[in-house]
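Student: attaching a predicted model along with its sequence, questions to come.
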Amino acid sequence: MASTWSETMSSCIIVANMLPPHFGWGTRAPGLRAEQLATQARPHFDEVRFLLFLERYGLMRTERGFAILTPQRADTTVIHQGDFKTFAERIEPATFVFTQADFTPLARQAATRHAVVYDILAPRWLELGEAGADERTLERYRNQHRAMLQLARRTLVNGPKTERLLVSDLAGVDWVPSHLAPTPLEVPAAERTHLLFGGKAQRWTDVTLSFNAMAAFAQRQPSVGIFMVSERVDERAPHAAAFGTLAMLPNVATLWNLSSRNYHELMARSFGFVDWAPLNEERIYATSTRVLQAIAAGVPVLHQAGTGLDEFFDAFPGERIGGTIQPEDVARFVEKARAGAYREAVAAARDRLAAYRSDTAPFAGLGLAPCA
C-alpha cells in the first residue's frame, strides 16, 4: 500500500527539473541527478518522492515529438508549477531538494514550513554567459544562487572544481560534496562492435572541428561502425554543414529519441565513447552526463582535458586530450579501446562512481532512520 503523509514519517521530496529515468525516455543531467539524490536520501527518510512540474513534463514531450507517459508509481507526483504553494502547505513538514537555483521562488515558499536542500549541479551562470545572456540576466541568476544558499539547510556541490570556484560563497554554509554519478541500467551483455560519438550541440557551441575530425576518421576507417547520438541540428548552426557531411557517411548511423533502456543497450554494444564537446569557460566546471553514463556502463571515453571530470578519478578511464580532437586521436583511442588497454582504469572508475552513489552523507541528519 502506498505511503501517506503523517507526523510520524520523515519525508524527502526531490523536485526534478527534468524527467527521472523511470519515465523511460532519454534523460538529461537533472533527471539523472534526481534519481541519484533519491537513492542517497532513502537511508535517512521513511519516504522519498519525486515531484515534477507539468510545464517541464510538457517541455520534454514537445522536444521529443511524441507522448511521454507518466509512470504509474506511488513515489512520483506531477503538478502545475503554479500549484506548488498549495501543495507545500497541505503536506506535513518535509525536506525539499532543489537542483540549481531556477526554482528560487518555490524554495522560498517551501522554506516557510519545510527544510530546503540546494543542489549545485554546475555553476549555471557560466552556461548562461556562454549562451549570450546579458549582464542583467546573469546577475539575476547569481542573486537567485545567493538566495538559495541562505534558504537552504544544506547545500550540495558537484565536483572539486566547483567547490573551489564557490569557496567564498560557501563560507559559513552547511555544505557537502556530492559528485554526479548516474546509475547504470542493467541490460544483457553484447559484443562491443561500435564506436559511440555524442554530446549536446548547444546553440552557443561550434563543434565543426569535432565533426570534421570524426568524418575524416570514418572515411579513413570505413570498417568501424559509428553510432552518432544527436538530436537534429538547426540548419542555422555554425556546425550544420559538418554535421550533415558526417551523418551521410555509410558507416555512421545517427540516432535520437532513444529510451533510457535503448541507450543503455547501445552503450553495451560500444567499445568506446568519443565526446565531441570543445572546451570553454563553462566546460571547465562541467561534469558531462554522457561521459559519466558511458563510464558507468563500462565504456572507455575520449574526452577533452580541463573539464570538471579531471579530478573525479585517480586514473582517467580512457584518453584526455588538450586542444581540438584530431582524426589521429580517434584512431589511437579506437585501437587501444579495442585492445582492452583501458579495462582496469574503467573498472576502477566504475567502482568510484558506485562509491559516489552510495555515499549518503549529503542527507545525514536531515531525516530520521527508516521505520522498521
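Tutor: All right, it came through fine.

Student: drop to CA atoms for contacts and neighbour counts, all remaining ones
Tutor: OK.

Student: run the chain-centre distance for stretch 207-223.
Tutor: Centroid displacement of stretch 207-223 relative to its chain, using CA atoms, centre = their mean, to the nearest Å, is 26 Å.

Student: buried residues in it?
Tutor: Buried residues in stretch 207-223, counted by 16 or more other CA atoms under 10 Å: 207-219.

Student: and the strand or helix carrying Val346, what does it pack against?
Tutor: Element membership for Val346 (DSSP states H and E) is helix 343-358. Helix 343-358 sits against helix 29-41, helix 289-296, with contacts defined as 3 or more CA pairs under 8 Å, 6 or more residues apart in numbering; DSSP states H and E.

Student: hmm, back to that, in the buried residues of stretch 207-223, find the pair that's most separated.
Tutor: Val207 and Gln219 (18.5 Å; CA to CA).

Student: reformat the helices and strands packed on helix 343-358 as TSV; add mean pLDDT and distance to Tyr118.
Tutor: Converted to TSV, the helices and strands packed on helix 343-358 look like this (pLDDT from 0 to 100; distance: least, CA to CA, whole Å):
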stretch	mean pLDDT	distance to Tyr118
helix 29-41	94	12
helix 289-296	95	20
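
Student: just put those helices in JSON lines and tack on mean neighbour count and distance to Ala88.
Tutor: Formatted as JSON lines, those follow (neighbours: other CA atoms under 10 Å; distance: least, CA to CA, whole Å):
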{"stretch": "helix 29-41", "mean neighbour count": "22", "distance to Ala88": "19"}
{"stretch": "helix 289-296", "mean neighbour count": "23", "distance to Ala88": "31"}
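
Student: now render the ones you listed as CSV, adding distance to Leu151.
Tutor: As requested, these are exported to CSV (distance: least, CA to CA, whole Å):
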stretch, distance to Leu151
helix 29-41, 19
helix 289-296, 28
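
Student: show me the buried residues of stretch 207-223 that map onto strands.
Tutor: With strands taken from DSSP state E, there is no overlap with these.

Student: looking at those residues, which is nearest Arg153?
Tutor: If you rank the buried residues of stretch 207-223 by distance to Arg153 using CA to CA, Val207 comes first, at 40.3 Å.

Student: please name the residues that touch the closest one.
Tutor: Val207 makes contact with 201, 238-239, 276-278, according to CA atoms under 8 Å, 6 or more residues apart in numbering.

Student: give me the number of residues near Glu235?
Tutor: Glu235 has 11 neighbouring residues, counting by other CA atoms under 10 Å.

Student: measure it to Ala242 for me?
Tutor: According to CA to CA, to the nearest Å, Glu235 stands 11 Å off from Ala242.

Student: cool, and Glu92?
Tutor: Counting by CA to CA, the separation of Glu92 from Ala242 is 54 Å.

Student: go on, Tyr118?
Tutor: From Tyr118 over to Ala242 (counting by CA to CA), the distance is 40 Å.

Student: OK, contacts around Val330?
Tutor: 214, 217, 274, 302.

Student: in this structure the last one contacts Arg320, no?
Tutor: Right, the one you point to is Leu302. Yes: counting by CA atoms under 8 Å, Leu302 touches Arg320, with 6.0 Å between them.

Student: quick one: the helices in the stretch 201-350 of the chain?
Tutor: Ranges of helices in the stretch 201-350 of the chain, per DSSP state H, counting those that start in this stretch, are 208-220, 240-247, 260-268, 289-296, 327-338, 343-358.

Student: what comes up buried for the last one?
Tutor: This means helix 343-358. Neighbour-count burial for helix 343-358, with 16+ other CA under 10 Å as criterion, is recorded at 343, 345-350, 352-354, 356-357.

Student: low-confidence stretches in the stretch 1-150 of the chain?
Tutor: Counting by pLDDT under 70, the stretch 1-150 of the chain has low-confidence residues at 1-8, 26, 58-72.

Student: change it to 80
Tutor: Residue ranges of the stretch 1-150 of the chain with pLDDT under 80: 1-9, 23-27, 56-72, 131.

Student: that one: helices as residue ranges?
Tutor: In the stretch 1-150 of the chain, the helices defined using DSSP H, counting those that start in this stretch lie at 29-41, 54-64, 84-90, 104-111, 124-130, 135-151.

Student: state the pLDDT value of Pro370.
Tutor: pLDDT recorded at Pro370 is 37.

Student: with Ala253 instead?
Tutor: 95.

Student: repeat for Ala201
Tutor: So, for Ala201, pLDDT stands at 65.

Student: ok so, going back, more neighbours: which of Tyr118 and Ala242?
Tutor: Neighbour totals were compared for Tyr118 and Ala242, and Tyr118 leads with 25 against 18 (other CA under 10 Å).

Student: got the contact list for that one?
Tutor: So Tyr118 contacts 97-101, 148-149, 152, 154-156 (CA under 8 Å, 6+ apart).

Student: among the helices and strands packed on helix 343-358, which is nearest Ile325?
Tutor: helix 289-296 (15.6 Å).

Student: which residues are in contact with that closest one?
Tutor: Under the contact criterion CA under 8 Å, 6+ apart, helix 289-296 has outside partners 28-29, 181-184, 198-199, 267, 273, 275, 300-301, 303, 317, 346, 349-350, 353.
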